[in-house]
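In: only geometry, no sequence info:
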């Protein structure tokens with residue numbers, strides 16, 4: 001287990017999370033609340049899915 005993992009808050013944007021994943025060369029980010037309790041995980045797959053869904057929405061407009 002990593003003693004001090006890189007984490008994001010639930011309010012972090014998808015863009016910021018994607019940039020952090022790329023910059024840190026990691027595949028997933030724990031999402032924590034204000035008390036630093038784990039509330040979820042963002043993966044590269046989540047980022048790709050969100051980007052594809054956004055692209056599809058823009059094409060449908």
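Out: Looks like it came in fine. It should be emphasised that the depicted structure is a prediction, and the values quoted were computed from it without experimental measurement.
In: got any ranges where the protein has weak pLDDT?
Out: Low-confidence segments of the chain, defined by pLDDT under 70, are located at 1.
In: packing partners for the longest helix seen in it?
Out: In the chain, assigned by DSSP state H, the helix with the most residues is helix 44-60. Secondary-structure packing of helix 44-60 (3 or more Cβ pairs under 8 Å, 6 or more residues apart in numbering; DSSP states H and E): helix 14-24. Heads up, the C-betas are built off the backbone N, CA and C, glycines and all.
In: mind listing what's buried along the helix it packs on?
Out: Within helix 14-24, the residues that count as buried by 16 or more other Cβ atoms under 10 Å are 17, 18, 20, 21.
In: farthest pair within those residues?
Out: Pairwise distances across those (Cβ to Cβ) peak at 7.3 Å, for the pair 18 and 20.
In: need the buried residues of helix 14-24 in TSV with distance to residue 59, can you?
Out: Shown next, in TSV, are the buried residues of helix 14-24 (distance: Cβ to Cβ, whole Å):
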residue	distance to residue 59
17	23
18	20
20	27
21	25
